[in-house]
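[1] model this:
(chains A and B)
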2 protein chains.
Amino acid sequence: MNSQSEILENLINNISKLPGIGKKSARRIAYHLINTSKDNALNTANSIIEARERLGLCIECFNLSEDKLCNICSDPLRNRDIILVIENFHDLYLFEKLKIHKGLYHVLGGLLSPLDGIGPGTLRLNELLNRIRMNNTSELIIGLNHSVEGDSTALYISNMLKDISIKITRLASGIPVGGEIEYTDEITLKQAFENRK
Amino acid sequence: MNSQSEILENLINNISKLPGIGKKSARRIAYHLINTSKDNALNTANSIIEARERLGLCIECFNLSEDKLCNICSDPLRNRDIILVIENFHDLYLFEKLKIHKGLYHVLGGLLSPLDGIGPGTLRLNELLNRIRMNNTSELIIGLNHSVEGDSTALYISNMLKDISIKITRLASGIPVGGEIEYTDEITLKQAFENRK
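    Below you'll find the model as predicted:
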């Protein structure tokens, strides 16, 4: 009999589904959650529940938000003429940390990848088109990975906007081809942003 | 403004307190919990709450248990004459996986470490003494790390039992001095068990 308890195994099983955590780490974490103070453990559980119940998506840019509009879209100091298109929340966080983009964002929610069943309808491309039309956006910065999926998504966006008068730029050299924004060091990312073309 | 949301930061902060998880991994895990299906996320949270509310300690051996007696202590097929003393739940799990020990366990809850404020009163040593007296235990196997703390705990136990007629053995060669049971491969652990002295 290997199992100490079904409840424990269930906990380990759920933890091992988290990214980057294998079965052994999951077990260590589970024992920790059982051994730590009850407050600590329940705080962790409740912060997950709270995040799922109180966090939604900004109706404008699809950033994570507690309100209808995220704290970037509702910030009167941001330049509303420039939109930086990014793949996900994490990339938004990385750009914000650099404090180089003063405009708004648009979180696509993924990259085109037909083999994975991710077509244009899955991403927030129509919403991007509508935003640009409604707000007369003057510049769109494409901040997507330089990968096959990132390139084809960038191309799709350019085609989608070809009849609209807007400056389209893309993060330039600096991000290695095939590399991911998430793993780019801050200096390289800054250069790529400044040399956008 | 770096923060997308206080609720998110709170979640990341709680996750980063888990063993082996740094700030960056915590952020990835938090985004995953927000992006995955709501069911998945809530299952994870609820399994933590369930573990804290329904798991307690076996009143005999202090193993994790859903009932008063754990499934080892309540198993009529286990040899009640032999007790294997171990540091924590995880070591119990490792021994059970090997299926070599047919007796009972006693989870000490730590090792003597005066510098960390862990004295005999903090561990379940009196409970061990009472169990041995009550049940006329014939053999006590000390399955503690071969470290300074493990050695002094083993010595303390031997002294505590010096007036009682009981065979005391300790896991033998195989476990490297200074090494930890948790990181010992199964074959070595098996040998150490079989060559106990």
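[2] kindly state the domain boundaries assigned to chain A.
    Listed domain ranges for chain A are A:6-54, A:64-194 (source: automatic domain parsing).
[3] what segments of chain A are helices?
    A:6-15, A:23-35, A:38-54, A:89-98, A:125-135, A:148-160, A:186-194 (DSSP state H).
[4] how far does the longest one sit from its chain's centre?
    On the basis of Cα atoms, centre = their mean, to the nearest Å, the separation between the geometric centre of helix A:38-54 and that of its chain is 22 Å.
[5] show me which residues of that helix are buried.
    A:40-52 (16 or more other Cβ atoms under 10 Å in any protein chain shown). C-beta here means a position set from N, CA and C on the backbone, and glycine is covered the same way.
[6] can you check the pLDDT for A:Thr137?
    Note for A:Thr137: predicted pLDDT of 94.
[7] same check, this time on A:Asn2
    51.
[8] do the same with the one 10 residues further on
    Looking at A:Ile12, its pLDDT reads 96.
[9] also A:Leu98?
    87.
[10] how close does it sit to A:Cys70?
    A:Leu98 sits 18 Å away from A:Cys70, going by Cβ to Cβ, to the nearest Å.
[11] and the two? Which one has more around it.
    A:Cys70 (25 against 13; other Cβ atoms under 10 Å in any protein chain shown).
[12] what's near enough to touch the closest residue to A:Gly56 other than its chain neighbours?
    Counting by Cβ to Cβ, 6 or more residues apart in numbering or on different chains, A:Ser65 is the residue found nearest to A:Gly56 once chain neighbours are left out, at 6.1 Å. A:Ser65 makes contact with A:55-58, A:71, B:4-5 under the criterion Cβ atoms under 8 Å, 6 or more residues apart in numbering or on different chains.
[13] work out which residue lies at the spatial centre of chain A.
    A:Asn88 (1.7 Å; Cα atoms, centre = their mean).
[14] so what's that residue up against?
    A:107-110, B:31, B:35.
[15] lowest-confidence member of these, which is it?
    B:Asn35 (89).
[16] and it, what is it in contact with?
    A:Asn88.
[17] could you do A:Leu92 as well?
    A:Leu92 neighbours (Cβ under 8 Å, 6+ apart): A:63, A:86, A:105, A:107, B:4.
[18] thought the second one was touching A:Leu144?
    In this case it means A:Ile86. Yes. In this structure, A:Ile86 is within contact of A:Leu144 by Cβ atoms under 8 Å, at 7.1 Å.
[19] what do these two both touch?
    In contact with both A:Ile86 and A:Leu144: A:108, A:181, using Cβ under 8 Å, 6+ apart.
[20] ok, those two, which is more surrounded?
    A:Ile86 (28 against 24).
[21] and the lowest-mean-pLDDT helix or strand in chain A, how far from the chain's centre?
    Of all helical and strand segments in chain A, the minimum by mean pLDDT, DSSP states H and E falls on helix A:186-194, at a mean of 75. Offset of helix A:186-194 from its chain centre (Cα atoms, centre = their mean): 18 Å.
[22] ok, and what's touching that helix?
    For helix A:186-194, the surrounding residues in contact (Cβ under 8 Å, 6+ apart) are A:94-95, A:97-98, A:100-101, A:141, A:143, A:171-175, A:181, A:184.
[23] can you tell me which two in these are farthest apart?
    A:Lys97 and A:Ser173 (21.3 Å; Cβ to Cβ).
[24] near chain B at all, stretch A:23-31?
    Yes. Using Cβ under 8 Å from any Cβ of the partner chain, we find that stretch A:23-31 touches chain B at A:25, A:27-31.
[25] now do stretch A:115-124
    No. Judged by Cβ under 8 Å from any Cβ, stretch A:115-124 stays clear of chain B, getting no closer than 13.6 Å.
[26] got the buried residues for that stretch?
    A:118, A:123-124.
[27] pipe the residues you listed into JSON lines and attach distance to B:Pro19 and pLDDT per row.
    Converted to JSON lines, those look like this (distance: Cβ to Cβ, whole Å; pLDDT from 0 to 100):
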{"residue": "A:Ile118", "distance to B:Pro19": "35", "pLDDT": "90"}
{"residue": "A:Leu123", "distance to B:Pro19": "37", "pLDDT": "95"}
{"residue": "A:Arg124", "distance to B:Pro19": "37", "pLDDT": "96"}
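[28] out of the residues you listed, which is nearest to B:Asp151?
    Closest to B:Asp151, out of all of the buried residues of stretch A:115-124 and judged by Cβ to Cβ, is A:Ile118, at 58.2 Å.
[29] ok, the closest residue in space to the closest one that isn't next to it in sequence - how many residues close by?
    Leaving aside its sequence neighbours, A:Ile118 sits nearest to A:Gly110 (Cβ to Cβ, 6+ apart; 5.3 Å). Neighbourhood size, A:Gly110 [other Cβ under 10 Å]: 15.
[30] A:Leu123 is in contact with A:Gly110, correct?
    Yes. If you go by Cβ under 8 Å, A:Gly110 and A:Leu123 touch, sitting 5.5 Å apart.
[31] hang on, the earlier thing: among the domains of chain A, show the one with the smallest mean pLDDT.
    domain A:64-194 (a mean of 89).
[32] what about it, distance to the chain center?
    10 Å.
[33] show me the contacts for A:Ser152.
    By Cβ under 8 Å, 6+ apart, the neighbours of A:Ser152 are A:111-112.
[34] how far away is it from chain B?
    22 Å (Cβ to the nearest Cβ, to the nearest Å).
[35] and what of A:Ile141?
    In this view, A:Ile141 and chain B are 19 Å apart by Cβ to the nearest Cβ.
[36] for that residue, grab the count of nearby residues.
    Based on other Cβ under 10 Å, the number of other residues close to A:Ile141 is 22.
[37] can you count the residues close to the residue nearest to A:Leu144 when sequence neighbours are not counted?
    Nearest residue to A:Leu144 in three dimensions, chain neighbours excluded: A:Gly150, at 3.9 Å (Cβ to Cβ, 6+ apart). By other Cβ under 10 Å, the residues close to A:Gly150 number 22.
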